[in-house]
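Trainee: just to be clear, the model below is a prediction. Sequence and coordinates:
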Amino acid sequence: MRATPPRPIRRTPLAGAASIVAIAFTLVLPRAPAVDADGAVRGRGATLYDGEVELVVERTDDGRFRLRDPERRIVTLDARNGTDAAQSVDITSATPAFETERAAAAVSVHWAAVRLLDYWRERFGRRGWDGRGGELRQHVHWGKNHFNATFDRGQVVYGDGGAHESTAIVSLDYVGHEVSHGITLTAGVGYEGEIAALNESYSDILAKCFERWAKPDRSSWLVFPEIYRTPGRATRSMSDPKRSWLSAQPDTYRGELWRDDGGPHENGGPQNRWFHLLVEGGHGANDLGDRFRVDGIGWARAEQLVWRAVTVYMRGRTSYADARLAADQAAADLFGASGRERRSVLAAWDAVGVTDAIVRETRAKRPEPRKVENATVVERVRALRRRRRY
């Protein structure tokens, strides 16, 4: 902590000794942490995967500190390896520094959630997981050797891992994935059949956009690589879904590894691959024998496009064909019906086998265009349009 600056010494024989004593006292006197009107305090903590970070914590009436952010309404609790959220307790500290081994998982998700909500507000003007500033309650140390994390209407539980040589399920992209289920929930994206796989894929995509914003020098197309002890492992790969270490997925709609009865984590690969091609571009042939070439549009445009597709056009939709139409309309809304972005969107969908023929076969209906009214998005897109480079 910074010491209070010493007062200048008057050079008089009588004042000298007293001044020296005053200086010594001032240098060793710690400054109390600044407390906002709502009890928020600037703190710090040690994460499991991202080193030491700055935090927003809350000062309690008894002078201790806990992992709560009053402004963003984030509450981070310790489930004590139980499975009853009502029994979770605050993680507290005598100082604003949370650096114990037990607190590391909580610090990780608390910091990541703060960053996530700041990202949504900066990029899309969204307040909280539900768009209305709703409280987000996070529970770490959930269960015993629990290899999963789950979101349920503003409550998130994170296990300590153990299976598949994993550590705690609290990496930044895992938090981004789980809390992004709040986006699909409030957008009315379902969780049955084909749409369930798209739901999980949207969380993968939104989490990667967040990770790219939060730590661009360390982001990748691997999903949750940091939770595994062995380097190179990951739950999924968005750039090459078939090579996912834990959960191999198809990269082509109705292609190799596609399952007609596939669950939510089996068939999301084609949309993940679509997003990778949309950002970076690529060429080759898919499992259906169709050759493709896609010009990438970059992260900044792609994240705005997907956000609009999900939050505006996917309510009540059920299929990959609907996802193609939603993304197409979002591209037209943001960048123009004849824009390069729209051509790339459609080329990337063709590349993963979701073609116009699939739209006709499933009789999916194009959504009615809506005016872009989100002021944050409007300003962001204007800035992107002024850029020439992708």
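Mentor: Sure, I can see it.
Trainee: give me the buried positions along the one helix or strand Glu211 maps to.
Mentor: Using DSSP states H and E, Glu211 sits within helix 194-214. Along helix 194-214, these residues count as buried under the neighbour rule (16 or more other CB atoms under 10 Å): 194-214. (Each C-beta comes from the backbone N, C-alpha and C, glycine too.)
Trainee: average model confidence for stretch 241-258?
Mentor: In this model, stretch 241-258 has a mean pLDDT of 93.
Trainee: what does it contact?
Mentor: 164, 223, 232-237, 240, 265-270, 272-273, 286-288, 320, 352-354, 358 (CB atoms under 8 Å, 6 or more residues apart in numbering).
Trainee: ditto for stretch 135-146
Mentor: By CB under 8 Å, 6+ apart, the residues outside stretch 135-146 that reach it are 72-83, 85, 88, 102, 105-106, 108-110, 113, 117, 128-129, 149, 154-163, 168-170, 179.
Trainee: picking that back up, which helices and strands does the next helix or strand after the helix holding Glu211 pack with?
Mentor: Later in the chain than helix 194-214, the nearest helix or strand by DSSP H and E is strand 222-223. Other helices and strands packing on strand 222-223, by 3 or more CB pairs under 8 Å, 6 or more residues apart in numbering; DSSP states H and E, are helix 194-214, strand 236-237.
Trainee: note down every partner strand of strand 222-223 and its orientation.
Mentor: strand 236-237 (antiparallel) (DSSP bridges).
Trainee: next SSE downstream of the partner strand?
Mentor: helix 269-280.
Trainee: how about the CA coordinates for that next one, as PDB?
Mentor: Provided in PDB are the C-alpha atoms of helix 269-280 (Å, rounded to 0.1, in the frame of the first residue of the first chain):
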ATOM      1  CA  GLY A 269     -19.500 -28.700 -34.200                       C
ATOM      2  CA  PRO A 270     -20.800 -27.500 -37.500                       C
ATOM      3  CA  GLN A 271     -21.800 -24.100 -36.100                       C
ATOM      4  CA  ASN A 272     -18.500 -23.800 -34.200                       C
ATOM      5  CA  ARG A 273     -16.600 -24.500 -37.400                       C
ATOM      6  CA  TRP A 274     -18.900 -22.000 -39.200                       C
ATOM      7  CA  PHE A 275     -17.900 -19.300 -36.800                       C
ATOM      8  CA  HIS A 276     -14.200 -20.100 -37.100                       C
ATOM      9  CA  LEU A 277     -14.400 -19.800 -40.900                       C
ATOM     10  CA  LEU A 278     -16.400 -16.600 -40.600                       C
ATOM     11  CA  VAL A 279     -13.700 -15.000 -38.500                       C
ATOM     12  CA  GLU A 280     -10.600 -16.400 -40.200                       C
END
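Trainee: by how many degrees do it and helix 194-214 diverge?
Mentor: Angle, helix 269-280 to helix 194-214, by axes from the mean of the first three to the mean of the last three CA atoms, to 10 degrees: 30 degrees.
Trainee: now helix 269-280, how far from the centre of its chain.
Mentor: 17 Å (CA atoms, centre = their mean, to the nearest Å).
Trainee: same check on stretch 121-137?
Mentor: With CA atoms, centre = their mean, you get 12 Å for stretch 121-137.
Trainee: quick thing: my sequence starts at 13, can you match it?
Mentor: In the new numbering, first residue 13, that becomes stretch 133-149.
Trainee: now do that stretch, average pLDDT.
Mentor: For stretch 133-149, the mean confidence score works out to 98.
Trainee: skipping its backbone neighbours, what lies nearest Gly348 in space?
Mentor: Among residues not flanking Gly348 along the chain, Arg354 sits closest, at 7.3 Å (CB to CB, 6 or more residues apart in numbering).
Trainee: which residues touch the helix or strand encompassing that neighbour?
Mentor: Here Arg354, judged by DSSP H and E, is contained in helix 352-363. Here helix 352-363 makes contact (CB under 8 Å, 6+ apart) with 285-287, 289-290, 293-294, 296, 298, 302, 304-309, 313, 317, 336, 339-340, 343-344, 346-348, 367.
Trainee: is Ala343 in a helix, a strand, or coil?
Mentor: helix (DSSP: H, G, I helix; E, B strand; the rest coil).
Trainee: where are the low-confidence patches of the stretch 263-402 of the chain?
Mentor: 400-402 (pLDDT under 70).
Trainee: sketch out the helices for this structure, chain order is fine.
Mentor: Ranges of helices in the chain, per DSSP state H, are 25-40, 116-136, 184-198, 206-226, 281-292, 311-325, 332-347, 352-363, 368-374, 387-398.
Trainee: specify the angle between the second one and helix 311-325 in degrees.
Mentor: Computed by the same axes, to 10 degrees, the angle separating helix 116-136 from helix 311-325 equals 80 degrees.
Trainee: how about helix 116-136: buried residues?
Mentor: In helix 116-136, counting by 16+ other CB under 10 Å, buried: 116-129, 131-132, 135-136.
Trainee: cool, the shortest one as well?
Mentor: Neighbour counts using 16+ other CB under 10 Å place 370-371 of helix 368-374 among the buried residues.
Trainee: got it, and stretch 104-120?
Mentor: 104-105, 108-110, 115-120.
Trainee: that stretch - what's its average pLDDT?
Mentor: On average, stretch 104-120 scores 97.
Trainee: who's in contact with it?
Mentor: Stretch 104-120 is contacted from outside by 45, 53-62, 64-65, 67, 69, 72, 76-79, 88-90, 103, 150, 152-153, 170, 172, 180, 182-184, 187, using CB under 8 Å, 6+ apart.
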